[in-house]
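**Student:** please find the sequence and the predicted model below.
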Amino acid sequence: MSNQAEIVAMYPVKPLKGQKALVTGANSGIGEAVARHLAAAGAAVAVNYIVNPEAAQAVVDDIVANGGEAMITKANVSSEADVVAMFQEVIAQFGTLDIVVNNAGLQRDAPLTEMTIDQWNLVIGVNLTGQFLCAREAVKEYLRRGPNLDVSVALGKIIHVSSVHEVIPWATHVNYAASKGGVNMLMKSIAQEVGKHKIRVNSISPGAIRTPINTAAWETPEALAKLLDLIPYDRIGEGDDIGKAAVWLASDASDYVTGTALYVDGGMTLYEGFATNG
């Protein structure tokens, strides 16, 4: 991922100027990249975390040092009480929210016969229930606030971060794949319900992105070569790829886009193994 000064330089025109954003799970990885890009594009950003507050504060400090506005907010997104309190805290400081990015997620992998109910419940709780809770609170705030055409033609935007594994089965990761399949229908169903209010709801479904959570998949030449066998575009994704997609989905440039899953995956969902007839 580019450093904050480089990211700021990508947005000489600030398409999100005056907007307020919340990004869950934003102290590392994809969430951090999204928070940095939204801030560089002009939004004030709340950086959510549940562990490692030092990392969250470092993201905020870097954003502020490069001319942006940001705050940290702690919440376990699988807890209804935590989510409600987080929205209250952020709205009290920012005044409202215009953009909510549901990114927080985790994996607890095991073969099916060895997967515990705690592993299942934890992944579903964070990856799916957490996105429901945050989307619900976002819609409540958008409806409470009403339109502000000076910042956006939409009443509000919700971006769900899903995965290519919402459509690609993943053996020994059934909890994760099930949670992401659920996110896809959660996003579409919410978009269908709230579109009449001019609330736009979309998702970003990343493929292989170079983040700390999947270091083992790319840190050696052998592992990287194996990974690239799955990607027609022949490179691993970077946090910047997701950050730039999030800025577009949050901006008025995508105003007629809702209920859509944007696959940012270098073509992974094209199943490259079939390029030579399987």
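**Tutor:** Sure thing, it's come through.

**Student:** can you pull out the helices in the stretch 151-278 of the chain?
**Tutor:** Applying DSSP state H, counting those that start in this stretch to the stretch 151-278 of the chain gives helices spanning 174-194, 221-228, 239-250.

**Student:** which strand or helix spans the spatially closest residue to Met71 that is not a sequence neighbour?
**Tutor:** Spatial nearest neighbour of Met71, excluding adjacent residues (C-beta to C-beta, 6 or more residues apart in numbering): Ala46 at 5.3 Å. Glycine gets a C-beta too; all of them are placed from N, C-alpha and C. Here Ala46 sits within strand 44-49, counting by DSSP states H and E.

**Student:** quick one: contacts of that strand?
**Tutor:** 19-27, 31-32, 35, 38-39, 55-56, 59-60, 63, 68-75, 77, 86, 90, 93-94, 104 (C-beta atoms under 8 Å, 6 or more residues apart in numbering).

**Student:** point out where the stretch 1-150 of the chain drops to low pLDDT.
**Tutor:** Counting by pLDDT under 70, not a single residue of the stretch 1-150 of the chain qualifies.

**Student:** please enumerate the strands of it.
**Tutor:** 20-23, 44-49, 70-74, 99-102 (DSSP state E, counting those that start in this stretch).

**Student:** His173: which of those is closest?
**Tutor:** Closest to His173 of these, according to C-beta to C-beta: strand 99-102, at 19.7 Å.

**Student:** how about that closest one as CSV, C-alpha atoms only?
**Tutor:** Below are the C-alpha coordinates for strand 99-102, written out as CSV (Å, rounded to 0.1, in the frame of the first residue of the first chain):
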residue,chain,number,x,y,z
ILE,A,99,-20.5,6.6,4.5
VAL,A,100,-20.2,3.4,6.4
VAL,A,101,-17.8,0.7,5.3
ASN,A,102,-18.4,-2.7,6.9
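
**Student:** what's that strand in contact with?
**Tutor:** Contacts of strand 99-102 (C-beta under 8 Å, 6+ apart): 16, 19-24, 26, 31, 34-35, 38, 43, 77, 130-131, 134-135, 137-138, 156-161, 183, 246, 250.

**Student:** give me the buried positions along that strand.
**Tutor:** Residues of strand 99-102 classed as buried: Ile99, Val100, Val101, Asn102 (neighbour count, 16 or more other C-beta atoms under 10 Å).

**Student:** next one: stretch 119-129
**Tutor:** Gln119, Trp120, Leu122, Val123, Ile124, Gly125, Val126, Asn127, Leu128, Thr129.

**Student:** now the first one. Nearest residue, chain neighbours left out?
**Tutor:** Distances taken as C-beta to C-beta, 6+ apart put Arg108 closest to Gln119, at 4.0 Å, once the chain neighbours are dropped.

**Student:** list the contacts of that neighbour.
**Tutor:** Arg108 neighbours (C-beta under 8 Å, 6+ apart): Gln119, Leu122, Val123, Asn175, Tyr176.
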